[in-house]
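**Student:** Provided below for reference: sequence and predicted model.
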Amino acid sequence: MGSERQKLVAKLMVEKGRSKGISKGKILKEAGYSNAIVTHPERVFKSKGYKEAAEPLINQMKKERQRLLANMRLRDLDKQQYGDVARTFDMLTKNIQLLGGDATENTKLTITWES
């Protein structure tokens, strides 16, 4: 299992990771890591300990995402409700990707228009 500091980093990533101006380095600094680590955040985020610390949070978010999906299918939602649920679903998906060290956007995807 990850260290207490790695668990704190995972928690902070959920709370602050999607905020503008918050970098992985800033989160590591807030968790008490040294400048040597803060300038190389991959040392923490790619570590086995961090992945173990993040796993319970990721699993919890995956369960919640599945619950949302099931509710979207079962209920007759108006546009406002559907939009709220869809935004929450999107946020959970991106947080799962962020915590897991996966890309939160597809930068390799290009769309071209044919005339």
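**Tutor:** Thanks, I have it. Only a predicted model underlies this, so the values are computations on that prediction, with no experimental measurement involved. Numbers count the residues shown, from 1 in each chain.

**Student:** pick out the residue closest to the middle of the protein.
**Tutor:** The geometric centre of the chain, computed from its C-alpha atoms, lies nearest to residue 95 (C-alpha atoms, centre = their mean), at 2.0 Å.

**Student:** wait, it sits on residue 62?
**Tutor:** No. The pair formed by residue 95 and residue 62 falls short of the contact definition of C-beta atoms under 8 Å, at 10.3 Å. The C-beta positions use only the backbone N, C-alpha and C, and glycine is treated the same way.

**Student:** residues contacting the residue nearest to residue 72 when sequence neighbours are not counted?
**Tutor:** Here the nearest residue to residue 72 in space, its sequence neighbours aside, is residue 85; by C-beta to C-beta, 6 or more residues apart in numbering that works out to 5.5 Å. Residues touching residue 85, when contacts are defined by C-beta atoms under 8 Å, 6 or more residues apart in numbering, comprise 68, 71-72, 77.

**Student:** could you list the low-confidence segments of this structure?
**Tutor:** Applying pLDDT under 70 to the chain picks out residues 17-18, 103-109, 115.

**Student:** biggest helix in it, by residue count?
**Tutor:** Using DSSP state H, we find that the single longest helix of the chain is helix 48-74.
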